[in-house]
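Q: Model the following, please.
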Amino acid sequence: MKVSKKLLFSNNEKEILQLVPDYSVPRYTSYPTAPNFHDKINNDTYESWLKKLDKNKKISLYIHIPFCSSLCYFCGCHTSVVNKYKAIENYVSLLLREIEILGEKLESKFNVSHIHFGGGTPSILKGAELWLIMQSIKKRFNILKNCKIAMEIDPRFFKQNLTIILNDCGFDRISIGVQDFSQNVQTLINRKQSFEITKETVNHLRENNISNINIDLIYGLPKQTIQTFTDTLEKINTLKPDQISAFGYAHVPWMKKHQRLIKVKPLDNEYRLKFYRLASHYFLSNGYEPFGIDHYAAKSSSVIRNLKNRKLQRNFQGYTEDDAEILIGIGASSISYLPDGYVQNITRIADYIRSLKKNKLPTLKGYKLKKEDKIYSIVIKELMCYLNVDLKQVAKKFSKDTNLFSSNIIKLKPFIDAGFVDFHNFVLSINPEARPLVRIICSVFDQYFEPKTNRYSFGI
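A: Numbering: from 1, shown residues only. From the prediction side, this is the model:
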């Protein structure tokens, strides 16, 4: 595909960049965001919240496997490199204990509508350990017949015999990390992954009845060029994935020290915007529909139907069709979302293991939600998922007056004046052209956002 100058230097690019602040903003996978979590939320708090759960409500499970075979320098996840599988076996034995303790504390066999294995690299598990985890979940929870079960995999280390267990356990969605096929970029980020091994993995999964494939890309990586990223997009398009995510690289070396191993400066907001628009233009031109701020799906996919029916969610795994109101995280660093608030597990694996050996849930910190938190959480989620929100309806749901949003609306003025936001009768709509600005617009409604205190990644 030849890239036109019109695409790269569009008429409103300058106006968009003028609205990008000189500070960074959160990704809004939760509200309030993780920097607001604190250690006053402990095991006792978590257990009391679990006991209050409505047993008639469906729940979603997230399983964190914090191990990789090699370290990708761009990674922002909680993970570590292991050379001996024994460490993984030991971790799984304690993860099984956490599932057991959760079952005891819940006092009821909750229905599960969604299970997601993330990491790290969950596909590092051998079939025996994956089977044990799924059997433990089945023992303590009721997995619904239409439960969606997903896993993130790394094609470079994927053992095809794991597919047998994936099928037996009902996995129906796989997310494959690619990031970029440019060899220059791959060398810098320490992730050598050929198109051929990626294609082989996709074909193998489809041949074995796992057809719902998502592919993750990252823009804003150092050494990316318009031409090399275009080559990556074209290769991905030949695979015809059901969904594609094209995230902006989150450069947070103060939090993830291994990112300092990337010796070349990442792309700035001006170039990130060009790459964002390149991906968006390419996928829309090839039959995909956008959803959220940086995701694309086949027009016939269920996610596009749920988008139109306003049934999308945003959580720590990104965008999901899961409609469960409760998310329970299992494993080191995982985060749970309950009606009362957020709870994060211990992040250091050694401390996580130590806690479970004492038969205690491995709680590190969390956050108790206030009424106003729930109000602003809905506003931000609606904007992140649908690019619009009816503030009057949100206020009414909580028996509040729209005056609650007065100070937020004032802060929207620059976006309204630029034509990127329409605000009429308390309905706020973001122009699709302004998708790159959505997180910045959401920060207007973040009651805890302190740009001078907390550090995040790029705004675009």
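Q: helices and strands around the longest helix along the chain, which ones?
A: Longest helix in the chain by number of residues (criterion: DSSP state H): helix 85-106. Here helix 85-106 touches helix 43-51, strand 59-65, strand 67-68, helix 127-140, strand 326-330, helix 349-357, going by 3 or more CB pairs under 8 Å, 6 or more residues apart in numbering; DSSP states H and E. Using the backbone N, CA and C atoms, a C-beta is placed for each residue, glycine as well.
Q: will you turn those into TSV that also has mean pLDDT, mean neighbour count and distance to C77?
A: Listed next are the helices and strands packed on helix 85-106 as TSV, based on pLDDT from 0 to 100; neighbours: other CB atoms under 10 Å; distance: least, CB to CB, whole Å:
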stretch	mean pLDDT	mean neighbour count	distance to C77
helix 43-51	97	16	22
strand 59-65	98	25	9
strand 67-68	97	20	9
helix 127-140	98	17	19
strand 326-330	98	23	13
helix 349-357	93	17	13
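Q: List the contacts of stretch 353-360.
A: N43, N90, Y91, L94, R97, E98, I101, I346, L361, P362, T363 (CB atoms under 8 Å, 6 or more residues apart in numbering).
Q: try 6 Å
A: N43, L94, R97, E98, I346, P362 (CB atoms under 6 Å, 6 or more residues apart in numbering).
Q: out of those residues, which is most surrounded?
A: P362 (27 neighbours; other CB atoms under 10 Å).
Q: give me every residue that touches that one.
A: Per CB under 6 Å, 6+ apart, neighbours of P362: N345, I346, Y352, S355, L356.
Q: Apply 7 Å and report the result again.
A: E98, N345, I346, Y352, S355, L356 (CB atoms under 7 Å, 6 or more residues apart in numbering).
Q: go on, D231?
A: Here D231 is in contact with F181 (CB under 7 Å, 6+ apart).
Q: Quickly find the element holding it.
A: helix 226-239 (DSSP states H and E).
Q: tell me the mean pLDDT over that helix?
A: Here helix 226-239 scores 98 as its mean pLDDT.
Q: how about it: buried residues?
A: T228, F229, T230, D231, T232, L233, I236, N237, L239 (16 or more other CB atoms under 10 Å).
Q: same check, this time on stretch 406-419
A: N408, I409, L412, F415, A418.
Q: Output it as PDB, nothing but the C-alphas.
A: Output of stretch 406-419 as PDB, limited to C-alpha atoms (Å, rounded to 0.1, in the frame of the first residue of the first chain):
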ATOM      1  CA  SER A 406     -20.100  21.700  36.000                       C
ATOM      2  CA  SER A 407     -16.300  22.000  36.500                       C
ATOM      3  CA  ASN A 408     -15.700  19.100  34.100                       C
ATOM      4  CA  ILE A 409     -17.800  20.700  31.300                       C
ATOM      5  CA  ILE A 410     -15.800  23.900  31.600                       C
ATOM      6  CA  LYS A 411     -12.600  22.000  31.000                       C
ATOM      7  CA  LEU A 412     -14.100  20.600  27.800                       C
ATOM      8  CA  LYS A 413     -14.200  24.000  26.200                       C
ATOM      9  CA  PRO A 414     -11.000  23.700  24.100                       C
ATOM     10  CA  PHE A 415     -12.200  20.400  22.600                       C
ATOM     11  CA  ILE A 416     -15.600  21.800  21.900                       C
ATOM     12  CA  ASP A 417     -14.200  25.000  20.300                       C
ATOM     13  CA  ALA A 418     -11.900  22.900  18.100                       C
ATOM     14  CA  GLY A 419     -14.900  20.800  16.900                       C
END
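Q: Next, report how far that stretch is displaced from the centre of its chain.
A: In this view, stretch 406-419 has its centroid 28 Å away from the chain centroid, taken as CA atoms, centre = their mean, to the nearest Å.
Q: same thing with stretch 17-36?
A: For stretch 17-36, the distance to the chain centre is 15 Å (CA atoms, centre = their mean).
Q: Using the three-state scheme, assign the closest residue to K397 other than its chain neighbours.
A: In space, and not counting its chain neighbours, K397 is closest to I378: 7.6 Å by CB to CB, 6 or more residues apart in numbering. Following DSSP: H, G, I helix; E, B strand; the rest coil, we place I378 in the helix state.
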